[in-house]
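1. Okay, predicted coordinates and the sequence, questions at the end:
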Amino acid sequence: MTQKLIVAIDQGTTSSRAIAFDERGQQQAVAQREHQQHFPLPGWVEHDATEIRDNVTAVLAELLDTLGERASAVQGIGITNQRETILVWDAATGEPVTPAIVWQDARTQRIVDEMEEDGGLDRYREVTGLPLATYFSATKLRWILDTDPQLQKRAEAGELLAGTMDTWVIWNLTGGPDGGLHVTDVTNASRTMLMNLRKQAWEPSILNDFNIPEAMLPRIVTSSGHIGHISSGNPGAGLPIAGILGDQQAALFGQAAFKPGQAKNTYGTGCFVMYNTGTTPARSTKGLLTTIAYQLDGQEPVYALEGSIAVAGSLVQWLRDNLKMFEHAPQIEELASEVEDSGGCYIVPAFSGLYAPWWQPEARGVMTGLTRYVTREHIARAVLEATAFQTADVFDAAEEDVDGKLTELRVDGGMVTNNVLMQFQADLLGVDVLRPAVTETTALGAAYAAGLAVGVWNSLDEIEENWQLERTFSRSKDQQRVERKKRIWRKAVHRSFDWVDEDVQADSGT
């Protein structure tokens with residue numbers, strides 16, 4: 001008997017993928033296309049949403065073609081996506097009015113500064129779980145509407161639609177201008193800084209502060225449930241779309257971290273730590289975010305604390321593409337493994353400021369401790385260590401917030417194949433780092449959410465049984481040495497603070 005399949009569409013920061021999973025959570029086929037990253041000014045990051053739309057359609061068609069006769073076993077579609085990236089488009093034509101503004105983009109700092117003067121950075125934290133920051137979608141949406149006076153009028157008239165990339169993908173797959181569904185799920189909505197966490201609804205007072213018409217925003221739905229069907233003319237026409245999760249929540253779901261106290265870290269373009277806190281939202285006093293982890297149809301939402309790190313894998317890309325230190329990203333492990341440590345070199349990758357737990361928008365990247373002794377091998381190791389140090393900072397903050405001790409860390413994402421990084425992470429945290437057999441947990445989580453809704457899996461317990469361990473990394477360095485390195489790292493972090501001022505802005509053309 002042919003096993004049932006679920007397809008996940010993973011619309012990420014650098015590429016779009018379609019992946020088919022079987023009932024055991026094993027990958028059966030994959031198709032992937034990268035899209036361009038646009039950096040028109042320092043601190044600005046944009047995507048061409050039409051390129052992403054076309055890539056999603058193409059990878060879904062390619063995947064179904066690869067499956068051949070097995071495509072008839074596909075039961076449904078789950079969507080996962082880069083969060084906070086926002087787009088506004090014409091409801092009648094489907095054409096974007098500007099490029100999509102990516103989650104990493106820092107152009108809206110002026111809006112943040114102006115709003116901070118009236119209520120501080122925490123003015124919306126009680127309602128949304130988030131500090132006022134350029135990271136989240138609200139300031140980006142306000143910036144887009146400010147680019148042309150006509151856009152505000154058109155938005156109020158219902159002529160424009162807005163949404164994160166899950167909304168854009170689903171709208172196009174379900175008909176676009178011809179009846180496309182305009183929806184988002186609670187996890188993505190919780191990252192806009194416009195949603196009331198406890199009510200799972202757009203918050204009128206915040207919409208009023210930002211002057212954002214609710215008419216242009218999508219309907220909020222649960223993460224797992226019958227949402228709609230792919231329209232005719234698209235690959236997979238007729239298949240149900242039954243799951244939506246923001247990428248980091250999808251990774252938590254794919255790691256089967258369903259119990260309060262379980263935690264995961266995804267090592268991708270950025271690094272994202274998520275700590276399940278159960279059905280009660282936990283407020284952070286240490287710079288972490290309160291967010292919705294997932295919500296199953298007919299059930300209460302499950303919440304999480306999150307530490308968002310802007311630069312992780314993208315630092316490796318910077319070393320490869322900007323400094324030309326190697327041709328292929330995996331080569332960094334070969335270089336880093338040739339030395340015992342970073343030779344006193346520390347790199348703080350605050351390319352667009354620092355996120356959790358520091359929240360320092362005026363910070364910029366620094367490389368410290370340089371001597372003639374330092375080689376490219378030391379720099380390669382410092383790049384990997386920077387990701388582990390940032391993760392350790394987040395976990396130190398999380399343990400203070402929940403007044404508890406982390407007992408293990410489940411890891412996923414493209415960087416976890418790097419054994420040097422994983423071992424150093426275990427050394428810093430002092431707990432076991434668990435690498436699962438299936439590391440594509442972001443796409444897997446979206447597949448699980450959809451599969452629950454269409455009956456491929458009947459319970460979270462069934463999903464948990466699929467999780468399998470590939471390797472455990474345990475601490476190998478003594479505590480005294482680890483604490484010394486962490487002190488030096490934090491000394492370097494403080495060197496990055498308060499770099500951006502009027503002179504720097506003028507010098508960089510911003």
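-> Nice, thanks for sending it over. Numbers count the residues shown, from 1 in each chain.

2. buried stuff in the helix or strand hosting residue 334?
-> For residue 334, the enclosing helix or strand under DSSP states H and E is helix 331-336. Residues 332-333, 335-336 are the ones in helix 331-336 that count as buried (16 or more other CB atoms under 10 Å). C-beta here means a position set from N, CA and C on the backbone, and glycine is covered the same way.

3. Residue 497 touches residue 359, doesn't it?
-> No: here residue 497 lies out of contact with residue 359, judged by CB atoms under 8 Å, at a distance of 10.8 Å.

4. Find the helix or strand that residue 206 is a member of.
-> Using DSSP H and E, the element containing residue 206 is helix 204-210.

5. which other residues reach that helix?
-> For helix 204-210, contacts defined as CB atoms under 8 Å, 6 or more residues apart in numbering pick out 115, 124, 127-128, 138-139, 141-142, 193-194, 213-214, 217.

6. And residue 451, how far from residue 425?
-> Note on residue 451: its distance to residue 425, by CB to CB, to the nearest Å, is 31 Å.

7. Please read the previous query as pertaining to residue 76.
-> For residue 76, the distance to residue 425 - CB to CB - is 35 Å.

8. residue contacts, residue 360?
-> By CB under 8 Å, 6+ apart, the contact set of residue 360 is 350, 353-354, 496-498.

9. repeat that with 7 Å
-> Going by CB atoms under 7 Å, 6 or more residues apart in numbering, residue 360 touches 353-354, 497.

10. Show me what it bridges to in the sheet.
-> residue 354 (DSSP bridges).

11. re the thing from before, and the helix holding residue 206, how far out from the chain middle?
-> 25 Å (CA atoms, centre = their mean, to the nearest Å).

12. Tell me the buried residues in that helix?
-> For helix 204-210, a neighbour-count test (16+ other CB under 10 Å) marks 206, 209-210 as buried.

13. same thing with stretch 3-16?
-> So for stretch 3-16, counting by 16+ other CB under 10 Å, buried means 4-14, 16.

14. cool, and stretch 382-400?
-> Under 16+ other CB under 10 Å, the buried positions of stretch 382-400 are 382-398.

15. avg pLDDT for stretch 160-176?
-> Here stretch 160-176 scores 97 as its mean pLDDT.

16. How about stretch 116-130?
-> Over the span of stretch 116-130, the pLDDT mean works out to 90.

17. Which residues does that stretch contact?
-> For stretch 116-130, the external contacting residues (CB under 7 Å, 6+ apart) are 131-132, 136, 190, 193, 195-197, 203, 206, 281, 289-291.

18. and what of stretch 43-59?
-> 9, 11, 16-18, 31-33, 35-40, 85, 87, 96, 99-102, 104-107, 165, 168-169, 172, 234-235, 352, 510.

19. Just the ones of these in helices?
-> Applying DSSP state H to these, the entries found in helices are 165, 168-169, 172.

20. Residue 326: which of the residues you listed is nearest?
-> Nearest to residue 326 among these: residue 165, at 30.4 Å, using CB to CB.

21. show me what contacts that closest one?
-> Residues near residue 165 by CB under 7 Å, 6+ apart: 11, 52, 81-82, 85.

22. In PyMOL, how would I select just the buried ones from the contacts of stretch 43-59?
-> Burial among the contacts of stretch 43-59 is assessed by 16+ other CB under 10 Å; the matching PyMOL selection reads:
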select buried, resi 9+11+16+17+18+31+32+33+35+37+85+87+96+99+100+101+102+104+105+106+107+165+168+169+172+234+235+352
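
23. Of the contacts of stretch 43-59, which belong to strands?
-> The strands, defined by DSSP state E, take in 9, 11, 16-18, 31-33, 87, 100-101 from those.

24. Reformat those as JSON lines; add pLDDT and distance to residue 156.
-> Output for the ones in strands among the contacts of stretch 43-59, formatted as JSON lines (pLDDT from 0 to 100; distance: CB to CB, whole Å):
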{"residue": "9", "pLDDT": "97", "distance to residue 156": "32"}
{"residue": "11", "pLDDT": "96", "distance to residue 156": "29"}
{"residue": "16", "pLDDT": "95", "distance to residue 156": "32"}
{"residue": "17", "pLDDT": "95", "distance to residue 156": "37"}
{"residue": "18", "pLDDT": "96", "distance to residue 156": "37"}
{"residue": "31", "pLDDT": "95", "distance to residue 156": "40"}
{"residue": "32", "pLDDT": "95", "distance to residue 156": "39"}
{"residue": "33", "pLDDT": "93", "distance to residue 156": "36"}
{"residue": "87", "pLDDT": "96", "distance to residue 156": "18"}
{"residue": "100", "pLDDT": "96", "distance to residue 156": "22"}
{"residue": "101", "pLDDT": "96", "distance to residue 156": "21"}
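
25. chain center to stretch 17-31: distance?
-> 20 Å.

26. Mind listing what's buried along that stretch?
-> By neighbour count on 16+ other CB under 10 Å, the buried set for stretch 17-31 is 17-23, 25, 28-31.

27. now do stretch 77-97
-> 77-89, 91, 94, 96-97.
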